[in-house]
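Asks: Model the following, please.
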Amino acid sequence: MSESIRQRKVAELIKEQLSLIFQKNGFYTLKGSLITITSVSISPDLLEAKIYLSIFNAKEKLAIIDELETHHKEIRHQLGNKIGKQVRRVPEFVFYLDETLDEVFKIENLFQKIKDSENPKSE
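Replies: Next up, the predicted model:
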């Protein structure tokens, strides 16, 4: 089932405002890692949101998500201050790891290995 126009608008609003909150509070660089909100999906009733994060330069990516979860109430409160007039209720949200970029790098690396094995360099 595809998202409604309202779902897409609220999801984009949440993504935009959470990005600003992350920048303001320094959450975008936790433990030396760069954190980017890649996408937000929201339930049809607009009460639950899934926040997908890309985490760069971190060995323990799940530890970064756990760190963000410890600040959940603070982040949700700030989000409520930003979007409270545009939505009836501020949605509950959960952070998820978006590994799409990691998968792209792995696939590109595999293609490069195949290419290198097919065309050995002559010396």
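
Asks: Select the helix or strand of this protein having the lowest average pLDDT value.
Replies: helix 100-118 (a mean of 82; mean pLDDT, DSSP states H and E).

Asks: which helices and strands does that helix pack with?
Replies: strand 48-56 (3 or more Cβ pairs under 8 Å, 6 or more residues apart in numbering; DSSP states H and E). To be clear about C-beta, it is placed using only N, CA and C from the backbone, and glycine gets the same treatment.

Asks: Tell me the buried residues in the strand it packs on?
Replies: Neighbour-count burial for strand 48-56 flags 49, 51-55 (criterion: 16 or more other Cβ atoms under 10 Å).

Asks: Reformat those into CSV and put pLDDT and distance to Glu99 next to each item.
Replies: What follows is the buried residues of strand 48-56, written out as CSV (pLDDT from 0 to 100; distance: Cβ to Cβ, whole Å):
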residue, pLDDT, distance to Glu99
Ala49, 96, 19
Ile51, 96, 14
Tyr52, 95, 9
Leu53, 93, 10
Ser54, 90, 8
Ile55, 88, 9
